[in-house]
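Enquirer: sequence below, structure please.
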Amino acid sequence: MYEKVNPAHPDKVADRIAGALVDLAYAKEADPRIAVEVLVGHGICHIIAETSIALPRDEVGTVVSRIAGSIAVDYQEVPQDTHLSENQKGRIRCGDNGIFKGAPVTEEQKALSAIARDLYGKFGCDGKYILNQAQLIICQSNVPTDVIEDLYPAAQINPLGYWTGGTDVDTGATNRKLGSDMADSVTGGGLHGKDLSKADVSVNIYAWLKAQETGNPVELCCAIGDDTVDGIPYHEIVEKARDYIRNIGGFEKFAEWGLV
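Expert: Numbering: from 1, shown residues only. Purely as a prediction, here's the structure:
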């Protein structure tokens, strides 16, 4: 049993904005320290960024309008805590406490992810989907039910009928759809809106990749300031995560679908 949402879901819009701002920070500095929280909906986008590098407000506004449309932006930027900054100075050490479980992706999860991508590719608007063995539930906004029935005749489609979705109907917040993004993998934190020093990003990616490679669940924990995780230097884990993010096209692209 698995639920997947697409990149136009309000929570994913928030994740994408947060990811795009992290991309913006990395475009200005090789290893920025940044954590971004986004709440978006009903004509306004609230953003709080704790960051080591200033992000120009006009560039933040451009990111929001590109992803969420023409809405008001309430942007609050504060510097990273001085103690945390000093503890990280000169090297990359684990940026947070955390527990992480990477799990192999199942065939059912792969199948639903493919369906979600297919429908988003065709219609490009808010949607969420569930697959439970032979039961497929499709909730797809802004599309007549009969159109979807032609594509997936065995599915249960839009149980309450036609709907519009998006941030004018619902609010979105960062890291509220981790079940969609991680399937059976588990984290004590959130994937999106953070730089690579944060274990919530790098160790989650590392554990997930290792689970896919070995075919077995991977369970890890770490403490803030750790130099090693899973018996290897933390900076190597960060580089593995950096390669993964680079290969998929950046933090905003990562936020679109997560790990699955």
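
Enquirer: going forward, measure contacts between C-alpha atoms and count neighbours the same way
Expert: Noted.

Enquirer: secondary structure element for the nearest residue to residue 46 once chain neighbours are set aside?
Expert: Nearest residue to residue 46, sequence neighbours excluded (CA to CA, 6 or more residues apart in numbering): residue 74, at 4.7 Å. Using DSSP states H and E, residue 74 sits within strand 72-79.

Enquirer: try residue 49
Expert: strand 44-51.

Enquirer: look up phi and psi at residue 40.
Expert: Backbone torsions for residue 40, taken as degrees, to the nearest 10, come to phi -130, psi 140.

Enquirer: actually, residue 135.
Expert: phi -90, psi 120.

Enquirer: thought it was touching residue 152?
Expert: No: if you go by CA atoms under 8 Å, residue 135 and residue 152 don't touch, sitting 11.5 Å apart.

Enquirer: if we can go back for a sec, list the helices and strands the strand holding residue 74 packs on?
Expert: strand 44-51, helix 57-68 (3 or more CA pairs under 8 Å, 6 or more residues apart in numbering; DSSP states H and E).

Enquirer: contacts for that strand?
Expert: Residues from elsewhere that reach strand 72-79, judged by CA atoms under 8 Å, 6 or more residues apart in numbering: 43-54, 57, 61, 64.

Enquirer: need the buried ones from those residues selected in PyMOL.
Expert: Selecting the buried subset of the contacts of strand 72-79 in PyMOL, with 16 or more other CA atoms under 10 Å as the burial test, is done by:
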select buried, resi 44+45+46+47+48+49+50+51+52+53+61+64
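
Enquirer: check which helix or strand the residue nearest to residue 256 when sequence neighbours are not counted maps to.
Expert: Nearest residue to residue 256 in three dimensions, chain neighbours excluded: residue 7, at 4.9 Å (CA to CA, 6+ apart). According to DSSP H and E, residue 7 maps onto no helix or strand at all.

Enquirer: residue 7 contacts residue 253, correct?
Expert: No: contact criterion CA under 8 Å: residue 7 and residue 253 do not qualify, at 9.5 Å.

Enquirer: tell me the SS of residue 36?
Expert: strand (DSSP: H, G, I helix; E, B strand; the rest coil).

Enquirer: OK, contacts around it?
Expert: By CA under 8 Å, 6+ apart, the residues touching residue 36 are 18, 21, 22, 47, 48, 49, 50, 193, 194.

Enquirer: check residue 242 too.
Expert: With contact taken as CA under 8 Å, 6+ apart, residue 242 is in contact with 196, 202.

Enquirer: farthest-separated two in the contacts of strand 72-79?
Expert: Between all members of the contacts of strand 72-79, the longest pairwise span (CA to CA) is found for 43 and 52 and amounts to 28.7 Å.

Enquirer: quick check: closest non-adjacent residue to residue 143.
Expert: Counting by CA to CA, 6+ apart, residue 162 is the residue found nearest to residue 143 once chain neighbours are left out, at 7.2 Å.

Enquirer: residue 55 too?
Expert: residue 25 (7.0 Å).

Enquirer: unless I'm mixing things up, that neighbour is touching residue 56, no?
Expert: No: using CA under 8 Å, residue 25 is not in contact with residue 56, being 10.2 Å away.

Enquirer: right, and residue 169 touches residue 43 too?
Expert: No: with contact defined as CA under 8 Å, residue 169 does not reach residue 43; the gap is 10.2 Å.

Enquirer: who has more neighbours out of residue 25 and residue 56?
Expert: Neighbours around residue 25 and residue 56, counted as other CA atoms under 10 Å, are more numerous at residue 25. The numbers are 21 against 10.

Enquirer: part of a helix, is that one?
Expert: Yes: per three-state DSSP, residue 25 lies within a helix segment.
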